[in-house]
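> sequence first, then the predicted structure:
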Amino acid sequence: MDNQAMNRSEALSTPEERMINLGIELGPVRPLVGNYVTCVRTGNLLFTAGQGVDEYHGKLGRDLSVEEGYQASRQSMINLLKVVKAELGELSKVKRVVKILGFVNSTEDFTQQPKVMNGASDLLVAVFGDKGKHGRSAVGMAQLPNNTAIEIEMILEFED
């Protein structure tokens, strides 16, 4: 899709409608597993806590393929968007995704963390268009809670 077509698409639908077109339904926020909150607002910025996944477990480079990691990061981003929607009420209040930080549970010699994180990045651009383009870090981790394949946190700017 060219930029002009993308801009027309953005003008004709909300982020929630785009998610429905992608076959994604936002359910409830996952339950907390510790003494923290799902997100913190300060000014017009929203900082999320990290969100893992329920389906994908194990290490990239041993237990999971890059494609499975891509799907895991996409699922983690869906979990983050549940948090954002619960906090803001509607995703159209997102003015800009500022940055995401992806922690990839991977073997010592696995070096394709950026390809794994493209699952989350591609979803953000599909849902928000240019507002979804963001800064990003993708790092390998020796282990993540519950052996989840990935955990992502996000910073975004919103408007009321």
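Yep, that arrived.
> ends of stretch 129-139, how far apart?
Its start and end residues considered, stretch 129-139 measures 25 Å (C-alpha to C-alpha, to the nearest Å).
> tell me which residues of it come out buried.
129, 131-132, 134, 136, 138 (16 or more other C-beta atoms under 10 Å). C-beta: built from backbone N, CA, C; applies to glycine.
> helices of the protein, residue ranges please.
3-12, 15-21, 66-88, 113-128 (DSSP state H).
> distance to T107 and mean neighbour count for those helices - can I get that in TSV?
Output for these, formatted as TSV (distance: least, C-beta to C-beta, whole Å; neighbours: other C-beta atoms under 10 Å):
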stretch	distance to T107	mean neighbour count
helix 3-12	37	11
helix 15-21	33	17
helix 66-88	12	21
helix 113-128	11	21
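> between those helices, which one is closest to V29.
For V29, the closest of these is helix 66-88, at 5.0 Å, according to C-beta to C-beta.
> now that closest one: mean pLDDT?
When pLDDT is averaged over helix 66-88, the result is 98.
> what do you get for stretch 106-126?
pLDDT averaged over stretch 106-126 gives 98.
> with adjacent residues omitted, what lies nearest to the residue most central in space within the chain?
Nearest to the geometric centre of the chain sits M77, at 2.2 Å (C-alpha atoms, centre = their mean). Leaving out its chain neighbours, the residue that sits closest to M77 by C-beta to C-beta, 6 or more residues apart in numbering is A120, at 3.9 Å.
> quick one: that neighbour and V104 touch, right?
No. A120 lies out of contact with V104 (C-beta atoms under 8 Å); the separation is 10.8 Å.
> joint contacts of those two?
Common contacts of A120 and V104 (C-beta atoms under 8 Å, 6 or more residues apart in numbering): S73.
> list the buried residues of the lengthiest strand in the chain.
Longest among the strand segments of the chain by residue count, using DSSP state E, is strand 94-105. For strand 94-105, the buried set under the neighbour-count rule, 16+ other C-beta under 10 Å, comprises 94, 96-97, 100-105.
> which pair of those residues spans the longest distance?
Farthest pair in the buried residues of strand 94-105, by C-beta to C-beta: R96 and N105, 28.6 Å.
> before we move on, the earlier item: what about the helices of the chain, which gets the closest to M154?
helix 66-88 (5.3 Å).
> touching stretch 67-77 from outside, list them.
Under the contact criterion C-beta under 8 Å, 6+ apart, stretch 67-77 has outside partners 51-56, 60, 64, 100, 102, 104, 112, 115-120, 122-124, 149-152, 154.
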